[in-house]
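Student: pasting the sequence and the predicted coordinates here, then a few questions.
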Amino acid sequence: MPQIIIDGQRIEAAAGKTIIEAALDNGINIPHFCWHPALSVAGNCRMCLVNVGSIKRAADGSIEHDADGNVIVNYMPKMQIGCATPVADGMVVDTQSPKTESAQNAVMEFLLINHPLDCPICDEAGQCKLQEYSFEHSKGKSRFDEQKVHKPKRVELGPEIMFDGERCISCSRCIRFADEVAKQPAITFVQRGDKVTIENFPGTTFDSPYSMNVIDICPVGALTSKDFRFKTRVWEMSFNDSICTGCSRGCNTKVGVRDNTIMRIEPRTNMHVNEYWMCDHGRLTQYDFVNENRISEPMIRNSSGQLVNADWNDAYAKAAELLRGIKHQEIMVIGSSRSTNEDNYLLAKFAKSVLKTNNIDFVRHFNEEFGDSFLRTRDMSPNAHGAMEVGIAHHAHQGTSIDHLADKISQGFIKAVYVMDEDIAQIPNIAAVLEKVQVLIVHAHNINATAQKAHVVFASSTYAESEGTFTNVNKRVQHFTPAVVTKENERYMGMKMSRWDKFGAFNDRWTQGERRNSRMSWRIVQGVANAMNAQWHFKDSESVFEEMTHHVDGMKGMSYELLDEYGGMIMGRAGSPEVKTVVYESHYFKPQVS
């Protein structure tokens, strides 16, 4: 394995690696705009210019030193770009000398000549690579007095992407992504010199299901999201790690929140799951139901048939009272592939040990047209595998399945239905008979047809307000934490909120976001179970998960700490996790919550 020296540090680098890759693997950052580890090398920006040489040796092979005793290095006459120069044994690389610094200053001055001063209105401001490098690798002033070149602005490259030609630095990341990753070569450079810009090929539009990833990898504000444009500034938001719930891939995400409202969702690097990417569906459809149409309090149907807000303890007691009046095998329990492993585990335990029923199942959400050969799967729920592993599954000849529920209700064999986070009234044959059940208890995030028919409605927290785990299509268990504040998690969320939400005054318009009185579904199940004399004492999601690791074979040896450390773990392989990978962050100055 070649050994090289970067800024005096001797490191080992795999043969075939470039200088910038070897540096990244060893925690050394070389400035760059156009390079990305998942894309081909373009060498457009020249920001990664470094001094490259080798140690000078005498005829006998001994190392030569100067008069001061320093090792003499013979550097190449011209600087080399780190993104395209492969490492070689004995190579010496300098990234910090005055010569390198001068080159970086020159590149930055060149890039800024025609760049507009749009920072006050640009969505990228606060996480912009050009801003970062202007601060770190630039002289801070310009010698350019002439008129800047003007180019087209507000150009639609696709249904979700807006392009600003004046901000573009021609790094070609978007062109290479469209061609190499999205497999839709719809974007290209046109013109030359300072007139160069980006356009769609005639008669095409960039409408790939993964098109919005070009917004994340664009190092400047040239590509922006139509969905997010001008909503807020990045420093006004908190960014918390989460998991996409749009399908069973389990793409790792960051959730941007301001005013206790999700403003956007973007991918988070996990080389074992989604690498650097996520689909547009996951970005655009997985937050409206968190922000809108919410059930914010538990509700009980009163004597006049109206659902009214209730205290949590009263709702638990009412649910317990209704369930006690039904025979064990007349109760159907429905879990959810959209709920966490912790939620489903306690629900299965509740069904089997408290209600003593074998009628337990969950709704599948398959869409054959949605899946593809990249990230999207046909299972449009995040945790079907986990629900089955922790006990939410119908077994042949044991109890009632979801497929036979409507018939069992019609025949009078099922008289009570306990539903966790599923709108079963969307299933036509169940909706037709749901009025016949004597007891309907529902956990729900949003007002839906099932909740409107219920006798007791528990306000359950969404994934964005919960801590727990999902098990993805490859049986990888992944841990996530809340991003949105509820009354239940408010103390825990204090250090995870944005500065604006945390320190705003009562009359600031950005501190008016609702703190909903919702609870994680496992905690609701525990409340009902204890109202039926179960005497459970789980204090948090982690304590539920710890019990799971003793009772679910595939989870033995796992912990939240290990799941976070390794980016998730495959079921049954906690003892031999995958090798940790280097996490590449394109925009590392993004505001943090601390």
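Tutor: Arrived safely. Here the structure is a predicted model, which means the values were calculated and not measured.
Student: surely Phe239 meets Gly256?
Tutor: Yes: using Cβ atoms under 8 Å, Phe239 is in contact with Gly256, at 5.5 Å. Glycine gets a C-beta too; all of them are placed from N, C-alpha and C.
Student: out of those two, which sits in the more crowded spot?
Tutor: Using other Cβ atoms under 10 Å, the more surrounded residue of Phe239 and Gly256 is Gly256, with 25 against 22.
Student: can I get stretch 487-498 in CSV? Just the C-alpha atoms.
Tutor: Taking Å, rounded to 0.1, in the frame of the first residue of the first chain, the C-alpha atoms of stretch 487-498 are listed here in CSV:
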residue,chain,number,x,y,z
LYS,A,487,-45.4,18.3,25.2
GLU,A,488,-44.1,14.8,25.8
ASN,A,489,-40.6,15.4,24.6
GLU,A,490,-40.1,19.1,25.3
ARG,A,491,-37.5,18.7,28.0
TYR,A,492,-35.5,16.3,25.8
MET,A,493,-35.7,18.6,22.8
GLY,A,494,-34.4,21.7,24.5
MET,A,495,-30.9,21.2,23.1
LYS,A,496,-32.1,20.1,19.7
MET,A,497,-34.2,23.1,18.8
SER,A,498,-33.0,25.9,16.6
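Student: okay, buried residues for it please.
Tutor: When burial is assessed from 16 or more other Cβ atoms under 10 Å, stretch 487-498 yields the following buried residues: Glu488, Asn489, Met493, Lys496, Met497, Ser498.
Student: for the first one, helix, strand, or coil?
Tutor: This means Glu488. coil (DSSP: H, G, I helix; E, B strand; the rest coil).
Student: hmm, Arg519 and it touching each other?
Tutor: Yes: using Cβ under 8 Å, Glu488 is in contact with Arg519, at 5.0 Å.
Student: hey, what's in contact with both of these two?
Tutor: Ser461 (Cβ atoms under 8 Å, 6 or more residues apart in numbering).
Student: now for this structure, the helix or strand with the poorest mean pLDDT.
Tutor: For the chain, using mean pLDDT, DSSP states H and E, the weakest element among its helices and strands is helix 499-503, scoring a mean of 82.
Student: after that helix comes which helix or strand?
Tutor: helix 521-531 (DSSP states H and E).
Student: report the mean per-residue pLDDT for that next one.
Tutor: Regarding helix 521-531, the rounded mean pLDDT is 98.
Student: quick one: low-confidence ranges for the stretch 1-150 of the chain?
Tutor: Across the stretch 1-150 of the chain, nothing is flagged by pLDDT under 70.
Student: quick revisit: closest to Ala310 among the buried residues of stretch 487-498?
Tutor: Glu488 (16.1 Å; Cβ to Cβ).
Student: which residues touch that closest one?
Tutor: So Glu488 contacts Ser461, Glu465, Asn517, Ser518, Arg519, Met520, Arg523 (Cβ under 8 Å, 6+ apart).
Student: Cys83 too?
Tutor: Contacts of Cys83 (Cβ under 8 Å, 6+ apart): Thr18, Ile19, Ile20, His32, Cys34, Trp35, Val41, Ala42, Gly43, Cys48.
Student: chain neighbours aside, what residue packs nearest to the third one?
Tutor: With Cβ to Cβ, 6 or more residues apart in numbering as the measure, Gly82 is the residue that lies nearest to Ile20, at 4.0 Å, once sequence neighbours are left out.
Student: who's in contact with the residue nearest the centre of the chain?
Tutor: For the chain, the residue nearest the mean C-alpha position is Thr253 (0.6 Å; Cα atoms, centre = their mean). If you count contacts by Cβ under 8 Å, 6+ apart, Thr253 has them with Asp241, Ser242, Ile243, Cys244, Ile265, Glu266, Pro267, Arg268, Met278, Gly282.
Student: go with 6 Å
Tutor: With contact taken as Cβ atoms under 6 Å, 6 or more residues apart in numbering, Thr253 is in contact with Ser242, Cys244, Ile265, Arg268.
Student: scan these and report the most crowded one.
Tutor: Cys244 (29 neighbours).
Student: wait, that one sits on Gly282?
Tutor: Yes: under the criterion of Cβ atoms under 6 Å, Cys244 makes contact with Gly282 at 4.2 Å.
Student: which neighbours do the two have in common?
Tutor: What both Cys244 and Gly282 touch, as defined by Cβ under 6 Å, 6+ apart, is the set Cys251.
Student: out of everything not next to it in sequence, what's closest to Asn291?
Tutor: Excluding the flanking residues, the one nearest Asn291 by Cβ to Cβ, 6+ apart is Thr261, at 5.2 Å.
Student: is the one you found in a bridge, and if so with what?
Tutor: Counting by DSSP bridges, Thr261 is bridged to Arg258.
Student: that older thread, flag every buried residue along the least confident helix or strand of the chain.
Tutor: Trp500, Asp501.
Student: got the contact list for it?
Tutor: Glu236, Trp510.
Student: what separates that helix from the chain centre, distance-wise?
Tutor: How far helix 499-503 lies from its chain's middle: 22 Å, per Cα atoms, centre = their mean, to the nearest Å.
Student: which ones are touching Ile20?
Tutor: Contacts of Ile20 by Cβ under 6 Å, 6+ apart are Ile30, Trp35, Cys48, Gly82, Cys83.
Student: do the same with Met569
Tutor: Per Cβ under 6 Å, 6+ apart, neighbours of Met569: Val477, Met558, Leu563, Pro577.
Student: could you pull up phi and psi at the first one?
Tutor: Summarising the backbone geometry of Val477 under the convention degrees, to the nearest 10, its torsions are phi -90, psi 130.
Student: what pLDDT does it get?
Tutor: So Val477 comes in at 98 (pLDDT).
Student: ok, now how distant is Asp553 from His32?
Tutor: 46 Å (Cβ to Cβ, to the nearest Å).
Student: re the thing from before, could I get the contacts of Ile20 as TSV with distance to Glu389 and secondary structure?
Tutor: Listed next are those as TSV, based on distance: Cβ to Cβ, whole Å; DSSP: H, G, I helix; E, B strand; the rest coil:
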residue	distance to Glu389	secondary structure
Ile30	44	coil
Trp35	41	coil
Cys48	46	coil
Gly82	45	coil
Cys83	43	coil
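Student: could you point out the longest helix in this protein?
Tutor: helix 98-112 (DSSP state H).
Student: what are the buried residues along that helix?
Tutor: Thr100, Ala103, Gln104, Val107, Met108, Glu109, Leu111, Leu112.
Student: neighbours of the residue nearest to Asn291, how many?
Tutor: 20.
Student: do the same with Glu275
Tutor: 18.
Student: for Lys151, which non-adjacent residue is closest in space?
Tutor: Using Cβ to Cβ, 6+ apart, the closest residue to Lys151 is Gly165 (3.3 Å).
Student: residues in contact with that neighbour?
Tutor: Lys151, Pro152, Thr197.
Student: out of those residues, the closest to Glu297 would be?
Tutor: Nearest to Glu297 among the contacts of Gly165, with distances taken as Cβ to Cβ, is Pro152, at 50.6 Å.
Student: what separates the nearest residue to that closest one once chain neighbours are set aside from Asn200, distance-wise?
Tutor: Among residues not flanking Pro152 along the chain, Gly165 sits closest, at 4.7 Å (Cβ to Cβ, 6+ apart). For Gly165, the distance to Asn200 equals 13 Å [Cβ to Cβ].
Student: show me what the strand or helix carrying Glu565 is packed against.
Tutor: According to DSSP H and E, Glu565 maps onto helix 560-566. Contacts defined by 3 or more Cβ pairs under 6 Å, 6 or more residues apart in numbering; DSSP states H and E place helix 560-566 against strand 476-480.
Student: residues contacting the strand it packs on, please?
Tutor: Ser242, Ile243, Gly250, Thr469, Phe470, Thr471, Tyr560, Leu563, Asp564, Gly568, Met569, Ile570.
Student: can you tell me the average pLDDT over stretch 374-389?
Tutor: Stretch 374-389 comes out at a mean pLDDT of 97.
Student: may I have the distance across it, first residue to last?
Tutor: End-to-end distance of stretch 374-389 (Cα to Cα, to the nearest Å): 25 Å.
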